[in-house]
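Student: Predicted structure and sequence below. I'll ask about it afterward.
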Amino acid sequence: QSAASYPTYILAIAMLVTIRQWEDIIQVDLFRWVCLLVGWLSASAIWSSPFEVREAASVLLRGVLVTAFVVAFAECQLRSQVQRWMGLAFAVIGSIVTAAAIMHFFMTAPDDGRLNGLGQLDTHVIAALVYGVLLIFAVQRMLMTSNLLVSVLFFLMALVMGVAVFLSDSRNAWLSVPIGLLAFLLAHFVRERGRIQVVFASGLTFGAALIVIILNDEHLTTILLPRGDSFRLGIWTEFLRRVAESPIVGLGITTNDDVLMGEYILQHPHSMYLSVLFQGGVIGLTLYLIVLFKVVKELLAHIHVEADAQLGIGILMLAMVAYMIDGHELIDKVGSTWFLLWLPVAIAIGLQWRRSLRAK
């Protein structure tokens, strides 16, 4: 991950050097909320236990990298560059890398039978979620083109991503990726925003009911969840107990969050929401939920006039569902959260930024 971060250091420096070109972004309400969220979680390194200057400096650097990424891609959206080049690059390059991961999977035949990924995507869950994001990019490109041959090529790319998600054997991805794809397709085809909201609400209600039914049917649970809840309930109970020690400001972003469950040492809370609560307390979780609410609101406001908004809502829905039962580092060096969360956040900021410039 450090090697992958070197180019982002250079790009972040370039962003800071050219700050005069984008300093008016501070007028964007959503960007200010993002800065509050990133700033609060970064500051929590001060009351982490134990406090280490090196760790605090590392968290601050990651906060700067994330913020620079958000600004850069918000400006890409502002200048209508997302559709011009990024979607194509993600779909084409993503399909090539995903195909390589699938070939590596069959050549090495891992003992656990799960497709992980290459390089930094060394866990099957994270890899599958990133493949899901690439899948949405490929489907969007397929729907945007009027050329039958090109459309077929993008369909094949999407199929490659879908196969990778299936081979990952991640129940999280099996649930969240279809939801993200469905959200994108609804945003693309349904023209009435009110109807989209009703469908979203109905889908969430149906999904929650389905989960309850599965968990209360031993036969279905054995088939669909062969590894049970993977200690989730035990992990969450333990983390809530620890959060109770400092519920308002949290325990700090660099505080050790390992949990001992029987003979296993399990890392992090396996829930982004609980992780933010652990690190930044009720204040941090409130800021996170406010950002998510404002991003969804902004994307829905542009859902029928901006292809970027449709893309963003699909990716964000995927992430919001997936992060209920996984994820732990909201502020990190270049990694999956940049694609799953910060990219749709940047798109929403770009849309709001454009509106603020037009209002001048």
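Tutor: Here it is on my side, so go on.
Student: Does Trp353 touch Ala74 like I think?
Tutor: Yes. In terms of CB atoms under 8 Å, Trp353 counts as a neighbour of Ala74; the distance is 5.9 Å. C-beta: built from backbone N, CA, C; applies to glycine.
Student: which helix in this protein runs the most residues?
Tutor: In the chain, with assignment by DSSP state H, the single longest helix is helix 272-301.
Student: Tell me the buried residues in that helix?
Tutor: By neighbour count on 16 or more other CB atoms under 10 Å, the buried set for helix 272-301 is 272-281, 283-285, 287-288, 291-292, 294-296, 298-301.
Student: Next: stretch 343-360.
Tutor: 343-354.
Student: now those as JSON lines including secondary structure and distance to Met157?
Tutor: Output for the buried residues of stretch 343-360, formatted as JSON lines (DSSP: H, G, I helix; E, B strand; the rest coil; distance: CB to CB, whole Å):
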{"residue": "Leu343", "secondary structure": "helix", "distance to Met157": "19"}
{"residue": "Pro344", "secondary structure": "helix", "distance to Met157": "21"}
{"residue": "Val345", "secondary structure": "helix", "distance to Met157": "25"}
{"residue": "Ala346", "secondary structure": "helix", "distance to Met157": "23"}
{"residue": "Ile347", "secondary structure": "helix", "distance to Met157": "21"}
{"residue": "Ala348", "secondary structure": "helix", "distance to Met157": "26"}
{"residue": "Ile349", "secondary structure": "helix", "distance to Met157": "28"}
{"residue": "Gly350", "secondary structure": "helix", "distance to Met157": "25"}
{"residue": "Leu351", "secondary structure": "helix", "distance to Met157": "27"}
{"residue": "Gln352", "secondary structure": "helix", "distance to Met157": "31"}
{"residue": "Trp353", "secondary structure": "helix", "distance to Met157": "31"}
{"residue": "Arg354", "secondary structure": "helix", "distance to Met157": "30"}
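Student: Which of those residues sits closest to Ile248?
Tutor: Val345 (25.0 Å; CB to CB).
Student: show me what contacts the closest one?
Tutor: Counting by CB atoms under 8 Å, 6 or more residues apart in numbering, Val345 makes contact with 30, 34, 70, 291, 295, 316.
Student: Of these, which is the nearest to Phe189?
Tutor: For these, with Phe189 as the reference and CB to CB as the criterion, the closest is Leu316, at 18.0 Å.
Student: for this protein, which spans come out with low pLDDT?
Tutor: Within the chain, the segments meeting pLDDT under 70 span 1-2, 120, 122, 191-200, 202-204, 207-208, 210-212, 214-232, 259-268, 360.
Student: how about the strands of it, start to end?
Tutor: 259-261, 264-266 (DSSP state E).
Student: which residues sit in contact with Gly252?
Tutor: Contacts of Gly252 by CB under 8 Å, 6+ apart are 44-49, 51, 279.
Student: What is the burial count for Val249?
Tutor: When neighbours are counted by other CB atoms under 10 Å, Val249 registers 17.
Student: Surely it touches Ala43?
Tutor: No. Val249 lies out of contact with Ala43 (CB under 8 Å); the separation is 9.4 Å.
Student: count of neighbours near the closest residue to Gly280 other than its chain neighbours?
Tutor: Nearest non-adjacent residue to Gly280, counting by CB to CB, 6 or more residues apart in numbering: Gly250, 4.4 Å away. Look at Gly250: counted by other CB under 10 Å, it has 26 neighbours.
Student: Leu233 too?
Tutor: Neighbour count of Leu233, defined by other CB under 10 Å: 10.
Student: distance of it from Arg171?
Tutor: 15 Å (CB to CB, to the nearest Å).
Student: now Val70
Tutor: Separation of Val70 from Arg171 (CB to CB) stands at 30 Å.
Student: Comparing the two, which shows the higher neighbour count?
Tutor: Taking neighbours as other CB under 10 Å, Val70 and Arg171 compare with Val70 leading, 26 against 16.
Student: dump the residue contacts of the nearest residue to the more buried one once chain neighbours are set aside.
Tutor: Of all residues not flanking Val70 in the chain, Ala346 sits nearest, at 4.6 Å (CB to CB, 6+ apart). Contacts for Ala346 (CB under 8 Å, 6+ apart) come out as 69-74, 76-77.
Student: residues of stretch 11-18 that come out buried?
Tutor: Buried, per 16+ other CB under 10 Å, within stretch 11-18: 12, 15.
Student: and for that stretch, what are the contacting residues?
Tutor: Contact with stretch 11-18 is made by 22, 64-65, 68-69, 71-72, as judged by CB under 8 Å, 6+ apart.
Student: What is the neighbour count of Ser176?
Tutor: By other CB under 10 Å, the residues close to Ser176 number 27.
Student: thought it was touching Val130?
Tutor: No. Between Ser176 and Val130 there is no contact under CB under 8 Å: 11.8 Å.
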